[in-house]
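[1] Predicted model follows, preceded by the sequence.
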Amino acid sequence: MAGGGFCRLPGGDVVVALDLPNPCPSGAPGVRVVVHAANRARALTRLRNLGLRAIYLRGNTAPPTPDEITAVLHHPDGLIWRGAPDTAEELWHPIRALLRTMTPQTTRYVV
């Protein structure tokens with residue numbers, strides 16, 4: 001699973017969505033992370049500052065959907081995730097819930 005993309009909002013901000021492998025060793029499917037920031041570089045920096053050190057966005061193969069944009073804009077942190085493939089039953093989670101389940105090892109993500 002690899003994909004990610006961005007969408008520029010009318011005010012100049014961007015929403016970046018990334019499909020990442022699950023950082024948990026349980027072998028569960030990957031996660032979809034959506035970030036709201038002033039630009040793409042700052043969105044990726046927000047993820048790197050949380051411990052996902054090697055996050056890169058190459059291309060725009062899977063931009064955020066309108067539902068993802070709405071969800072991240074209405075979240076106070078502007079940084080959410082849920083399991084991928086997306087299921088209608090699963091709600092968006094704050095990034096803190098994902099970081100609690102991560103192991104201390106750093107994983108390299110190239111999307």
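    Done, it's in. Remember, predicted model here, so these are calculated numbers, not experimental data.
[2] Does the helix or strand containing residue 32 pack against any helices or strands, and if so which?
    Assessed by DSSP states H and E, residue 32 sits inside strand 31-37. Judged by 3 or more CB pairs under 8 Å, 6 or more residues apart in numbering; DSSP states H and E, the packing partners of strand 31-37 are strand 14-20, helix 40-49, helix 66-73, strand 79-83, helix 95-101. All C-beta spots, glycine's among them, are computed from the backbone N, C-alpha and C.
[3] List the contacts of that strand.
    13-20, 22-23, 43-47, 64, 68-69, 71-73, 78-84, 86, 92, 95, 98 (CB atoms under 8 Å, 6 or more residues apart in numbering).
[4] Mean pLDDT lowest where, among the helices and strands packed on strand 31-37?
    Note on those: lowest mean pLDDT is at helix 95-101, with a mean of 69.
[5] just to revisit the earlier point, when you compare where the strand holding residue 32 runs with where helix 66-73 runs, what's the angle?
    60 degrees (axes from the mean of the first three to the mean of the last three CA atoms, to 10 degrees).
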